[in-house]
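Q: Please find the sequence and the predicted model below.
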Amino acid sequence: MVQTGWTAQRWTAVFIEQAELFRKAVADADPSAPVPTRPGWTVQDLVIHLGRFLETSTEYLRTGSRTAMQPPPPQAGLTPLQYLDLQITAAAEILSAVPGNRAVWTFSPAAPDLAWVWHRRIAHETVLRRFDAQTVVRQVVATDPDLCADGIDEVLTTIVAAQLDGDVPSDVTGTAVVRPTDVPESWVISLVPGEVPVIRAAAPGEDGDAQVTGEAEVVYFWLWNRMNFKEMTGDRRVLDVLQVGRGH
């Protein structure tokens with residue numbers, strides 16, 4: 001990771017905070033209301049998605065599985081909000097109890113098989129869904145730049161590799177420099193078809209085949225295809241690989 005200073009405990013605190021904000025937003029919204037950032041989704045879809053994500057991902061932390069598992073069967077007899085509340089409570093307990101250095105299967109060829117990868121993924125998935133929910137009620141709150149920098153780092157060091165290894169292979173070769181304007185971190189990501197991307201800190205003034213600059217929050221949500229902005233230049237194909245949020 002380029003970004004440092006984060007721990008399982010800190011990601012757990014982010015999850016608890018963001019889950020509370022998500023829960024408030026969806027409680028204030030019509031369940032059938034469309035989600036502006038996710039065409040075709042309703043608020044109810046969003047609620048079920050986050051609950052299902054939490055149930056599936058925390059199963060790795062609960063069991064310590066060293067191999068990929070099938071998702072557990074959906075729980076019957078609950079309303080979407082009841083299901084969400086159950087999963088938020090369970091996730092908070094599991095995240096708090098499991099140390100970040102516990103060995104467990106993770107989802108990206110670029111990530112170590114350690115529990116903190118799930119702590120981080122759960123935190124940032126909840127940030128993303130909180131943003132989605134708040135766009136419905138038009139009450140989007142700012143996201144801390146340091147948290148956004150960690151989210152940028154997760155995308156570049158973990159999520160891009162996971163997508164390239166899964167359903168979104170790419171034949172793109174090139175480099176991109178990602179340099180937020182309001183945090184000290186910056187990244188160079190090097191893409192070679194069939195290989196795990198190589199990530200390192202960008203040197204001052206360094207350029208790549210593509211450049212992404214702007215406030216950390218805008219860069220973070222652009223990577224997840226939630227915001228549009230113009231502070232990007234260079235090879236569009238490289239930029240497309242970085243923008244992992246299409247369909248997510």
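A: Sure, I can see it.

Q: C-alpha coordinates for the helix or strand where Asp153 lies, CSV please?
A: Secondary structure assigned from DSSP states H and E places Asp153 in helix 145-154. These are the backbone C-alpha positions of helix 145-154, laid out as CSV (Å, rounded to 0.1, in the frame of the first residue of the first chain):
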residue,chain,number,x,y,z
PRO,A,145,-9.9,13.2,2.3
ASP,A,146,-7.7,10.7,4.2
LEU,A,147,-10.5,8.1,3.9
CYS,A,148,-10.7,8.9,0.2
ALA,A,149,-7.0,8.5,-0.2
ASP,A,150,-7.2,5.0,1.4
GLY,A,151,-10.1,4.2,-0.9
ILE,A,152,-8.0,5.3,-4.0
ASP,A,153,-5.2,3.1,-2.7
GLU,A,154,-7.6,0.1,-2.4
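
Q: and it, how far from the chain's centre?
A: In terms of Cα atoms, centre = their mean, to the nearest Å, the centre of helix 145-154 is found 10 Å from the chain centre.

Q: Helix or strand next in line after that helix, which one?
A: With DSSP H and E, the next secondary element past helix 145-154 is helix 160-165.

Q: Can you tell me the strand partners of the helix or strand following that next one and which way each runs?
A: Downstream of helix 160-165, the first helix or strand assigned by DSSP H and E is strand 174-180. Here strand 174-180 is paired, per DSSP bridges, with strand 187-191 (antiparallel), strand 210-214 (parallel).

Q: what's the closest of the ones you listed to Pro204?
A: strand 187-191 (12.0 Å; Cβ to Cβ). From N, CA and C alone the C-beta is placed, and that goes for glycine too.

Q: Quick one: list the elements packing against the helix or strand of the chain with the lowest mean pLDDT.
A: Sorting the helices and strands of the chain by mean pLDDT, DSSP states H and E puts strand 232-234 at the bottom, at a mean of 92. With contacts taken as 3 or more Cβ pairs under 8 Å, 6 or more residues apart in numbering; DSSP states H and E, strand 232-234 sits against strand 210-214.

Q: which residues does Pro80 contact?
A: Pro31, Gln44, Val47, Ile48, Gly51 (Cβ atoms under 8 Å, 6 or more residues apart in numbering).
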